[in-house]
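# need a 3D model of the sequence below.
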Amino acid sequence: MASYGAFEHFHKLGAQNEAELERNGSPPASLAVVKQRPSSGGRPWPPHLHRSSAMPFWGMTSPLQSTDAPSEATLAPPSTSAGASTHSAVSGTSAYTLESQRDEDALKADPGSEKDFAILNNKFAFSPGQLSKMLNPKSLAAFIALGGLPGLETGLQTDVDAGLSMEETELPGSVSFEEVTKQYRKLRGADASGLTRPVEVRHTDITTSGPSGSGSHSNEAFYDRKRVFNINALPAKKPISFWMLMWNAYYKENILILLTVAAVISLALGLYETFGVEHDPNAPPSVDWIEGCAICVSIVVVVLVGALNDYQKERAFVKLNAKKEDREVKVIRSGKSFTISVYDILVGDVLHVEPGDLIPADGIFISGHNVKCDESSATGESDQLKKTGGEQVLRLLERGHNDMKDLDPFIISGSKVLEGVGTYLVTSVGVNSSYGKILMAMRQEMEPTPLQKKLDGLAGAIAKLASAASFFLLLVLLFRFIGTFPGSPLTPTEKASKFMDILIVAITIIVVAVPEGLPLAITLSLAFATTQMVKMNNLVRILKSCETMGNATTVCSDKTGTLTQNKMTVVTGTFGEDSFDDKNPGATDTRSSEFAKRLTSERKRLLIESIAANSTAFEGEGGEFGFVGSKTETALLGFAKNVLGMTSLSQERTSAQVVQMLPFDSSRKCMGAVQKLPNGTYRLLVKGASEILLSYSSTLALSTSNVQMDGSQTRRIANVIDSYAKQSLRTIGLIYKDFPVWPPRGAENPDDPSLAADLGALLDDMIFIGVVGIQDPIRPGVPEAVAKYQHAGVVVRMVTGDNIITAKAIATDCGIYTDGIIMEGPEFRKLSDEEMDATLPRLQVLARSSPEDKRILVTRLRHLGGIVAVTGDGTNDGPALKAADIGFSMGIADTEVAKEASAIILMDDNFASILTALMWGRAVNDAVQKFLQFQITVNITAMVVAFVSAVEDPEMRSVLTAVQLLDSLAALSLSTDAPTDEILDRPPTPRSTSIISITMWKMIIGQAIFQVIATFTLHFAGPRFLPYPEPEMRSIIFNMFVWLQIFNQYNNRRLDNKFNIFTNIHKNYFFMGLNVVMVGCQIAIVFFGSTAFQIVALNGPQWGISIVVSILCIPWGVCVRLFPDWLFERIAKFVGGPFVQVYRPCSRLTHRIIAKLELRKKEEGEQKSQVASSDGGSYVGLGKEKAPTVRVSGEGDKDIENGVL
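I've put the predicted structure just below:
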């Protein structure tokens, strides 16, 4: 059965700390009042409210009402200046009292938030709006007006010790605002109107969020609580309508707009020629309007495909974000501890917080030890803010305490827990919480990934070239057309129609050149990869990390839980002169069971207390030993329970008088707890890295006494530690020291002199109890994964906090350490930048390292040009995760801060899953390159064929029309190939490498040459050896062109020079399915689309010619692959050199012209803005106000004016 002993442990610490704060004077006994829950609540008062130490809030008559209290002090925090954060921390210097507080303002609804105060059939004392007033901004006035922590507990019908009841459904009774606050109003001498109570809505015409308040809901868990306060989830983002998606897909493509204009004009002229002009009765019917109509239909199809793609993309990433944002939190319900989804948190829940937690909901701190929060992400406050329990705040207020840093019980959602452990009462969730409101106001679209930015640049370059070719073709055809005017029999209408035909041919060049399927291919490949990665335990939080991981050069991995199984067990130990060994027991070795029998009761009690009292783990419902928490701590607790005979962790903590917990110190690699002994003295219990604790010790604990350690004993224990480390065991040491008083003189913590002591000042002349060896087996498959990384050209480095001997042993077992360098963190951080750069290429293991060492390592590796992936296992790893190109966090064991800082979450905490991310990252890059290789081949071929055939044709018609070329299905089939082991046969691609390699250009140019030759052969020479009329020849050319693309897909399934283009083709169902669709569509077009596509139906021999010529592109692809890359590169440089020399200055000139036009537009906008400002007008949002400068991450890191570029 689960226990909440850990939480009781922290509650008791909080109570003891409160007593320490008040040791200079206790509240008068006359202030005590007997509390009784109103009868309508239906539940007795929580047991903790019957404590003998009365909570002196309800009868505050002294000392705040004494004549010594400042008369003009206020309870409300000082007002902030305009523009200050609405969540500013409680601050000020004057003492707070209750006398001058305006209660009606403290809970007054802000304009626009009245609906949060009007709740239908509210069975609680407070509304969501009143509760949010405590934290928006932080308001002690609202906190006290709501009755403080006891009032919140009563009004929310919860229990700060036991939490919500698991059996709660529809509440049978209600608690009124007046009943909860009547003692407060009696004290203030105010009537019921002095406070703003929740609006009680009895009629049903009020719109409320959540289910209706009527009907029977006796079986629905927490029905009333969810109805009134909602759940801890933001409402789904309002989806963009499909019509708007279609408009976006159309409006953002200038080519489609231009083509639409031409198509509409062509359609209008065609309709006029068909129906507005008299025709020869014997002539065939005119269908000139068909082409314009067909182009319009094709445009609609393209827009529909784009809109459907955007729709699918939105759905895919909504699901991804929902999974990304879900996490588990620790909650107390019915007196037991549970882990629940963050979405299941309710108002009234009692949550546990510890270092690394990301606060999921607003609330009031109940009790705990030394809890400090970073609220910079929620409020902008950069300082660490220490939290004080809600009851303690009220005690301090009645004593006239005026140090505002002690008057902050507010836990704000979105903040991070930096230190300490404790519990808090949830008061606002979802859209009512502080962070929820911020998120609702900050919902943004996805940012483009680096690959998308590269491809945008490529598409821009292609568009420029296509525009230049189109303009040149338009001039040539226009001059030819004008040259026919003298003596031309054409009517003006026919001339206009001819001009539109020329314009459409010119626009066709742009249409065929621009890879319209490029955005779709990128989105499809990324969506497909991220979906498959989730199935393989990789949750991608930041989309660009997927493609970046494919080119990673270094992986810096933790040891525990990543390379190892994180299933720890104590297998050996040495205590004084006695030891045991369960790992490799020999004839002379003692088993742990025999060792425990030889221990004296005093030593056994010391060991149990050293483990149980000095631990943040707690008893759960499952687990190997029934403990939940750090794997190292659960291993020690399992040893205490199974070997030393510890009865119950909660009982041990109940009997132990722990007065202070000293959280884990990553620099000293240890943590501690202070226990008050029955004789009135204090004992500091410390556990941590054994070799470090040994250096702090001067005395050795033996079975019956303690002896001063000499050099030989120190060396003996050091040799034991080394022996354990060489067996790949994690060594944990236990030490202690007794003090007559606490805190000892000179050890007070300057940050918190009343509660804490400085651990660094205490670790001297300690008594060494012993050392244990904890086994953590290497995960299956890790050595194989490391070998695959090394084969793929990726260096794996292990970064661990363990000592250098243990690190070396495990790194050797994993295959990470070969003949490289092993260093310790302190030695590494002393190196200069030049020495680091010389060491890093051979550094394989960094032992005894701190989080800062890891950050320095990552930074220097990136400085050397590497693409670095790093794993993190705690809050302190956040900087390293942020500094890396790709940060991996552990989905099971990591803190929420580490997950927020990471790009990918390993949901199984397994090192082999990082290899999966590498393979899929490379697959994404390969998919886009395959698409480009295919698409650019099509574009070059179509552009050359359309240009040449239009110039050569007497009628100035292209052999391929715009309708025939508006297709992107073929390219999409290349976007979904899953990675194979062959993808690891090549080294990573450097950052500066072009997205199109020499091998790709060789295939592009080679296939384009074949397709152009095949098309021109049929077009120019075909009539000489094929007895077919022109319409049939055009149809054969069109059919052949489409089949060329279908067969060329297979060539483009490989980016290298290997010949097997059918690898795993049977596993890619998407590829096969699209091929079937394309073949079916082409057959239907040839037989039934004659009018729209300006072709005629083909017979068997004509189909044979089309397919036989097309299929030759596959053996031609083999010839292209046999052509040496180096020779092609030389030829390409020789031939392409002049073109590059012409293109670059033209491109620069174009950029300068565009920049000048934009500058002029901006200056005009500024002048209009100045005129508007001088007139006193406000034109925000109408384009009349200067847009703010936004720093854009990209090449050159240029400043770009919003709305200009």
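# mind listing the helices for the stretch 451-600 of the chain?
Remark: helices assigned in the stretch 451-600 of the chain by DSSP state H, counting those that start in this stretch are 492-513, 518-535, 544-549, 592-598.
# equivalent analysis for the stretch 801-950 of the chain, please.
Using DSSP H, counting those that start in this stretch, helices in the stretch 801-950 of the chain cover 804-814, 825-829, 833-839, 851-863, 878-883, 896-901, 912-952.
# circling back to that earlier point, mind giving me a markdown table with the helices of the stretch 451-600 of the chain and columns for distance to residue 701, mean neighbour count and mean pLDDT?
C-beta coordinates here come from the backbone N, C-alpha and C atoms, glycine included. Below are the helices of the stretch 451-600 of the chain laid out as a markdown table (distance: least, Cβ to Cβ, whole Å; neighbours: other Cβ atoms under 10 Å; pLDDT from 0 to 100):
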| stretch | distance to residue 701 | mean neighbour count | mean pLDDT |
| --- | --- | --- | --- |
| helix 492-513 | 82 | 21 | 74 |
| helix 518-535 | 51 | 21 | 75 |
| helix 544-549 | 50 | 25 | 82 |
| helix 592-598 | 15 | 14 | 88 |
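# if we can go back for a sec, to residue 125, which of the helices of the stretch 801-950 of the chain lies closest?
Comparing the helices of the stretch 801-950 of the chain by their distance to residue 125 (Cβ to Cβ), the top pick is helix 896-901, with 31.5 Å.
# what mean pLDDT does the closest one get?
Throughout helix 896-901, pLDDT has a mean value of 68.
# just to revisit the earlier point, out of the helices of the stretch 451-600 of the chain, which gets nearest to residue 827?
Comparing the helices of the stretch 451-600 of the chain by Cβ to Cβ, helix 544-549 comes nearest, at 30.5 Å.
# next one: the closest one to chain centre, how far?
Here the centre of helix 544-549 is set off from its chain's centre by 13 Å, with Cα atoms, centre = their mean, to the nearest Å.
# residues in contact with that helix?
447, 449-451, 526, 529-530, 533, 540, 867, 869, 885-887, 903-904, 917-918, 920-921, 924-925 (Cβ atoms under 8 Å, 6 or more residues apart in numbering).
# which among those end up buried?
Listed as buried from those are 449, 451, 526, 529-530, 533, 540, 867, 869, 885-887, 903-904, 917-918, 920-921, 924-925; burial here means 16 or more other Cβ atoms under 10 Å.
# among the helices of the stretch 801-950 of the chain, which is nearest residue 310?
Closest to residue 310 of these, according to Cβ to Cβ: helix 912-952, at 18.1 Å.
# report the angle between that closest one and helix 492-513.
With axes from the mean of the first three to the mean of the last three Cα atoms, to 10 degrees applied, the angle from helix 912-952 to helix 492-513 works out at 150 degrees.
# any idea which of the helices of the stretch 801-950 of the chain scores lowest on pLDDT?
helix 896-901 has the lowest average pLDDT among the helices of the stretch 801-950 of the chain, namely a mean of 68.
# which of the helices of the stretch 451-600 of the chain sits closest to residue 111?
Nearest of the helices of the stretch 451-600 of the chain (Cβ to Cβ): helix 544-549, 41.1 Å.
# circling back: can you list the helices of the stretch 451-600 of the chain in JSON lines and add distance to residue 943?
Putting these into JSON lines (distance: least, Cβ to Cβ, whole Å) gives the following:
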{"stretch": "helix 492-513", "distance to residue 943": "5"}
{"stretch": "helix 518-535", "distance to residue 943": "16"}
{"stretch": "helix 544-549", "distance to residue 943": "29"}
{"stretch": "helix 592-598", "distance to residue 943": "79"}
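# out of those, flag the one nearest residue 1059.
Residue 1059 lies closest to helix 518-535 among the helices of the stretch 451-600 of the chain, at 24.5 Å (Cβ to Cβ).
# what helices or strands is the closest one leaning on?
Applying 3 or more Cβ pairs under 8 Å, 6 or more residues apart in numbering; DSSP states H and E, we find helix 518-535 packed against helix 289-325, helix 450-483, strand 538-540, helix 544-549, helix 912-952, helix 969-972.
# so for residue 395, which of those sits nearest?
Once the helices and strands packed on helix 518-535 are compared by Cβ to Cβ, helix 289-325 is nearest, at 38.1 Å.
# neighbouring contacts of the helix or strand following the closest one?
Note on helix 289-325: by DSSP states H and E, the next helix or strand toward the C-terminus is strand 328-333. Defining contact as Cβ under 8 Å, 6+ apart, one finds that strand 328-333 is touched by 4, 7, 161-166, 337-342, 345, 349-352, 357, 360, 423.
# if we go to 6 Å?
Applying Cβ atoms under 6 Å, 6 or more residues apart in numbering, the contact partners of strand 328-333 are 4, 7, 163-164, 166, 338-340, 342, 349-352, 360.
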